[in-house]
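Trainee: model this:
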Amino acid sequence: MAAEPAFDELFRLAERSAVHLEMRDGYMRSDPRFVAWQRDRGSVSADSDPDQRPWLELMREITGRGVEVRRARIVSEPVSDYIRFEHHLTAGNTAGGEQVRWLPRRRASDLALPGNDFWLLDDSLVVFLHFTGEGELSPEGDEERTADPAVVRLCSAAFEAVWERAVPHEEYAVPHEEYEPSEPSG
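Mentor: Have a look, this model is predicted:
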């Protein structure tokens, strides 16, 4: 039996599209870049340097061969520190070829959404991502893959409904002047 491709290899295998729906207000709060950003917002560059952010090189590679990558984020407002951090870094994602939109959670109340964040690749494979309550990857397994047509349809419809309502990154303003760093936990 052949081994499943690694997560990043799934993107190299994509032929047409990769869409991602994020629905949490915080991820990987133990990430050293986030911790540094909380202490000093100017310490973490928003640039698109693939040496600092290898994900961006992968995105350049796949969008460069015509794969459309779209990311939609449902966020509570006022936004969390982590979402401010994500917003700060998103210019690098868009420079890497991703299209990114933001949807205030209040505008998503009437949408049917899956219970977990996911990637949908080529409208045929869903990769659900599992996190702990603190936003760290789940120790019980951080991803779950399915090609079940009903699940693919659910995720595709959910993503498109969010995308249609969401605000393009360039137009979504996060009020940085209200930012007051919180004490890093841990």
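Trainee: residue ranges with poor pLDDT in this protein?
Mentor: Along the chain, the model assigns pLDDT under 70 to residues 1-2, 47-52, 175-186.
Trainee: so where do the strands sit in it?
Mentor: Assignment of strands within the chain using DSSP state E yields the ranges 17-22, 68-75, 99-104, 117-121, 125-129, 143-146, 167-168.
Trainee: So for residue 37, which of those sits nearest?
Mentor: strand 68-75 (17.0 Å; CB to CB). The C-beta positions use only the backbone N, C-alpha and C, and glycine is treated the same way.
Trainee: strands paired with the closest one, and their directions?
Mentor: Neighbouring strands of strand 68-75 in its sheet, by DSSP bridges, are strand 17-22 (parallel), strand 99-104 (parallel).
Trainee: Make TSV out of these and add distance to residue 3.
Mentor: Shown next, in TSV, are these (distance: least, CB to CB, whole Å):
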stretch	distance to residue 3
strand 17-22	21
strand 99-104	31
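Trainee: nearest to residue 67, of those?
Mentor: strand 17-22 (6.2 Å).
Trainee: Next, the angle strand 117-121 makes with that closest one.
Mentor: Orientation check (axes from the mean of the first three to the mean of the last three CA atoms, to 10 degrees): strand 17-22 against strand 117-121 gives 170 degrees.
Trainee: Between strand 125-129 and strand 17-22, find me the angle.
Mentor: Angular relation of strand 17-22 and strand 125-129 on a 0 to 180 degree scale: 30 degrees, by the same axes, to 10 degrees.
Trainee: neighbouring contacts of strand 17-22?
Mentor: The contact list for strand 17-22, computed with CB atoms under 8 Å, 6 or more residues apart in numbering, reads 11, 62, 67-74, 113-114, 117-123, 155-156, 158-159, 162-163.
Trainee: Just put the strands of the chain in TSV and tack on mean neighbour count and distance to residue 7.
Mentor: Shown next, in TSV, are the strands of the chain (neighbours: other CB atoms under 10 Å; distance: least, CB to CB, whole Å):
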stretch	mean neighbour count	distance to residue 7
strand 17-22	20	11
strand 68-75	21	14
strand 99-104	20	20
strand 117-121	23	9
strand 125-129	19	7
strand 143-146	14	7
strand 167-168	12	27
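Trainee: Please tabulate the ones you listed in a markdown table, including the columns distance to residue 55.
Mentor: Output for the strands of the chain, formatted as a markdown table (distance: least, CB to CB, whole Å):
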| stretch | distance to residue 55 |
| --- | --- |
| strand 17-22 | 11 |
| strand 68-75 | 11 |
| strand 99-104 | 13 |
| strand 117-121 | 12 |
| strand 125-129 | 14 |
| strand 143-146 | 15 |
| strand 167-168 | 20 |
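Trainee: so which of those strands gets nearest residue 30?
Mentor: strand 125-129 (16.4 Å).
Trainee: Fine by me, thanks again.
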